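*Asks:* fold the following, please.
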Amino acid sequence: MATLPGCLEYYWGVCRPAFMDGTIQQAAWRRAATIAHEPFARLSLSALRLLGVDAAGVRAIRAVCETFIRVSPINLLFAGCIEHLICGGQPDGDGAPHAAWTPPAMLDAAAPVPPLDTLPGDLRAVLMGLAMDLGGARFVPGLYRQMAPWPAYLAHAATVIAPLLHDESARARRAGIARTMIDAAAGIVAALPPAPPELTPPGAAQCTALLGAIKSYRVTSPEMIVFGTLLRDALPDEQEV
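*Replies:* Next comes the predicted model:
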């Protein structure tokens, strides 16, 4: 949206009330919490040290996973609201404020995402094995790229994730996650107050571009929810570190 003039301003202007009172966040997290996962095998501290991950590294990897677990459901539901608006949904609520909402404590700042062309060949190859097509180019999601400081751990993670990326039944389950999130969009949009009159809706070409991006995002965002959760839950408990 930020690359299309006026789009971010318009959709943020329309959806802002549902962010400010926590409607979108809480609906997204509530639905994400119902998702069942077949867990990865737990890693001991000794195994992680052999993979080049010390105690600080465990905390950093957990923080990376927590970031995507928290943010991806919200982004997916926001994308669903945008899609619903593009396809004719009308914000027609009374604009009455909901109950006061207190957001959770902020997570630690995200680790930098290294440019792929700066990484050693084998590390880059492992990451590209987790890439997907996005807008005609190969895209490696940030969850995986932020594991680059621990190459051996990343190789392990890629080894357990890659089969699930290409398994048709696993892909279908992830598509179901997207539907679970996006099903909440219609009710959220209907409850929003009308769009501020000073905002101009995007044109047809911009809407087409946004719908294409949202279609791709429906694939990557469930991956971040599922694999972020599986990788986090395979780490030792916080009190063990």
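*Asks:* lowest-pLDDT helix or strand in the chain?
*Replies:* Among the helices and strands of the chain, strand 132-134 carries the lowest confidence by mean pLDDT, DSSP states H and E, at a mean of 75.
*Asks:* and the next helix or strand past that one?
*Replies:* Next in sequence after strand 132-134, counting helices and strands by DSSP states H and E, comes strand 137-139.
*Asks:* can you name the next helix or strand after that following strand?
*Replies:* With DSSP H and E, the next secondary element past strand 137-139 is helix 142-145.
*Asks:* who's in contact with that following helix?
*Replies:* With contact meaning Cβ atoms under 8 Å, 6 or more residues apart in numbering, helix 142-145 is reached by 64-65, 68, 110, 113-114, 116, 127, 130, 154, 157-158, 223-224, 227-228, 231. Bear in mind the C-beta positions are built from the backbone N, C-alpha and C, glycine included.
*Asks:* report the distance from stretch 83-95 to the chain centre.
*Replies:* 23 Å (Cα atoms, centre = their mean, to the nearest Å).
*Asks:* roughly how far apart are the residue sitting nearest the centre point of the chain and Pro5?
*Replies:* With distances taken as Cα atoms, centre = their mean, the residue of the chain nearest its centroid is Ser72 (2.2 Å). According to Cβ to Cβ, to the nearest Å, Ser72 stands 27 Å off from Pro5.
*Asks:* what is the top helix by length along the chain packed up against?
*Replies:* When the chain is parsed with DSSP state H, its longest helix is helix 55-86. Packing partners of helix 55-86 (3 or more Cβ pairs under 8 Å, 6 or more residues apart in numbering; DSSP states H and E): helix 7-20, helix 23-32, helix 45-50, helix 142-145, helix 168-182, helix 185-191, helix 204-233.
*Asks:* other SSEs contacting the following helix or strand past it?
*Replies:* As assigned by DSSP H and E, the chain's next helix or strand after helix 55-86 is helix 121-128. Using 3+ Cβ pairs under 8 Å, 6+ apart, the elements in contact with helix 121-128 are helix 151-166.
*Asks:* ok, now with 10 Å
*Replies:* helix 142-145, helix 151-166 (3 or more Cβ pairs under 10 Å, 6 or more residues apart in numbering; DSSP states H and E).
*Asks:* now find how far off-centre it is within its chain.
*Replies:* That offset, for helix 121-128, works out to 22 Å (Cα atoms, centre = their mean).
*Asks:* need the contact partners of it.
*Replies:* 114, 116-120, 138, 140-141, 144-145, 147-148, 151, 154-155, 157-159, 162 (Cβ atoms under 10 Å, 6 or more residues apart in numbering).
*Asks:* check which residues of that helix are buried.
*Replies:* Using 16 or more other Cβ atoms under 10 Å as the test for burial, helix 121-128 gives Leu123, Arg124, Val126, Leu127.
*Asks:* before we move on, back to that, let's have the helices and strands packed on helix 121-128 in CSV, adding mean pLDDT.
*Replies:* Shown next, in CSV, are the helices and strands packed on helix 121-128 (pLDDT from 0 to 100):
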stretch, mean pLDDT
helix 142-145, 92
helix 151-166, 94
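*Asks:* which one, of these, ends up nearest to Val58?
*Replies:* helix 151-166 (9.6 Å; Cβ to Cβ).
*Asks:* for the closest one, packing partners?
*Replies:* helix 45-50, helix 55-86, helix 121-128, helix 142-145, helix 168-182, helix 204-233.
*Asks:* could you give the angle of that helix to helix 168-182?
*Replies:* 90 degrees (axes from the mean of the first three to the mean of the last three Cα atoms, to 10 degrees).
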